[in-house]
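[1] Please find the sequence and the predicted model below.
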Amino acid sequence: MDSDRFSLAGKVTVVTGGRQGIGKVVSHQLAEQGSDVVILDLADASEVAAEIAAQHGVRAIALQCDVTDPDGVAQAIEQAAADMGTLDLLFNNAGICLHKPALDCTPTDFTNVVNVNLNGIFFVAQAFARYLVAQGKTGNIVNTASMSATIVNTPQGQASYNSSKAGVMHLTKSLAVEWAPLGIRVNSISPGYINTEMTGNVRQDWRELWTEMIPFKRMGNPAELAGAVIYLLSDASTYTSGADLIIDGCFVTV
C-alpha cells in the first residue's frame with residue numbers, strides 16, 4: 001500500500017484531552033504525519049500546542065473546553081474552525097477514571113464519570129459532525145473507549161468507568177452506521193493499561209498486579225496507541241467504520 005495513504009498532511013485534527021497523557025502524545029504523532037492540531041482541554045494547553053508547532057512545523061492551537069457542556073463544545077468547534085480555516089478529523093479522547101467500590105459511589109461520583117466519558121464523547125462528536133455536514137465535508141472520528149468496555153477490571157472497583165466506556169464503544173458503532181451515508185467514519189480504540197499521569201497516581205500494589213496479569217508483562221506507552229489512531233483517521237482505512245481496536249498487550253485475550 002502506498003505509504004502516502006497514512007499521511008495526514010493538509011488535514012486539521014481536533015484532539016480532546018490533549019494537554020497530557022494519551023492525548024498529548026498522540027497529538028505529537030499526528031503532527032509528525034503532517035496534521036495541524038487543535039487541542040481542546042478543560043485546562044490551558046497552550047504550552048503543549050506551542051511545543052507541537054515548534055517541533056513538527058505544523059499549526060497548533062489550544063482552546064479551553066468543558067466537554068460536558070454542549071453549548072461550550074459547539075462554540076469551541078466553531079472557534080477552532082474559524083482559527084484554522086477548516087476541520088477534518090477528530091480524536092475524541094477526553095476522559096476520567098474513578099476507582100471506587102460501587103456500594104460507595106455517590107450519584108455525583110457516577111454521573112461525573114459518565115458525563116465526561118460518554119456524554120462528552122457524544123457532544124464533541126455531534127458538534128464536529130454538524131460542522132462537517134454544514135460545510136458539505138466528509139471526515140473521520142476516533143473515540144477513546146477502553147478494554148474496560150469488554151472486561152471487568154480487578155482488583156479495583158470502577159463500575160462507573162467500565163460502563164461509561166462500554167457506552168463509548170456502542171455509541172461508536174451507532175454513529176458509524178447512522179453517519180455512513182454522510183461520509184463520516186467513526187471508530188474507536190480500546191487501550192489497556194497505559195503508563196500515563198492517570199495510571200501513575202494509582203496504588204503501587206495494583207500496578208504490580210496489573211503488570212503481572214498482562215501477557216506482555218508490562219504496561220503500554222501512549223505512543224503505542226498512535227499508529228492505530230493514525231490508521232483509523234487516514235485514507236488507509238477508508239472501508240473501516242464502526243470498529244473497535246483493542247490495544248492491551250493481550251490482556252483481554254487470556
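    Thanks, I have the structure now. Residues are numbered from 1 along each chain as shown.
[2] Going by length in residues, pull out the top helix of this protein.
    Longest helix of the chain, by residue count under DSSP state H: helix 159-179.
[3] Quick check: next helix or strand after that helix?
    Remark: after helix 159-179, the chain's next helix or strand is strand 184-191, criterion DSSP states H and E.
[4] related to what we said a few turns ago, list the contacts of the longest helix of the chain.
    Helix 159-179 is contacted from outside by 95, 97-98, 100, 102, 105, 109-110, 113-114, 116-118, 121-122, 125, 129, 141, 143-146, 148-150, 152-153, 184-188, 190, 241-242, 244, using C-beta atoms under 8 Å, 6 or more residues apart in numbering. The C-beta positions use only the backbone N, C-alpha and C, and glycine is treated the same way.
[5] Okay, and which of those map to strands?
    In strands, judged by DSSP state E, the following of the contacts of helix 159-179 are found: Ile141, Asn143, Thr144, Ile184, Arg185, Val186, Asn187, Ser188, Ser190, Asp244.
[6] In JSON lines, list these along with distance to Ala236 and pLDDT.
    JSON lines is the format used below for these (distance: C-beta to C-beta, whole Å; pLDDT from 0 to 100):
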{"residue": "Ile141", "distance to Ala236": "16", "pLDDT": "98"}
{"residue": "Asn143", "distance to Ala236": "18", "pLDDT": "98"}
{"residue": "Thr144", "distance to Ala236": "19", "pLDDT": "98"}
{"residue": "Ile184", "distance to Ala236": "17", "pLDDT": "98"}
{"residue": "Arg185", "distance to Ala236": "12", "pLDDT": "98"}
{"residue": "Val186", "distance to Ala236": "16", "pLDDT": "99"}
{"residue": "Asn187", "distance to Ala236": "12", "pLDDT": "98"}
{"residue": "Ser188", "distance to Ala236": "17", "pLDDT": "98"}
{"residue": "Ser190", "distance to Ala236": "19", "pLDDT": "98"}
{"residue": "Asp244", "distance to Ala236": "17", "pLDDT": "98"}
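[7] farthest pair in those residues?
    The distance between the two most remote of these (C-beta to C-beta) is 20.5 Å, for Ile184 and Ser190.
[8] Which one's more surrounded, the two?
    Ser190 (25 against 22; other C-beta atoms under 10 Å).
[9] And Ala62, which helix or strand is it part of?
    Going by DSSP H and E, Ala62 is in strand 60-64.
[10] Tell me the buried residues in that strand?
    In terms of neighbour count (16 or more other C-beta atoms under 10 Å), strand 60-64 has its buried residues at Ala60, Ile61, Ala62, Leu63.
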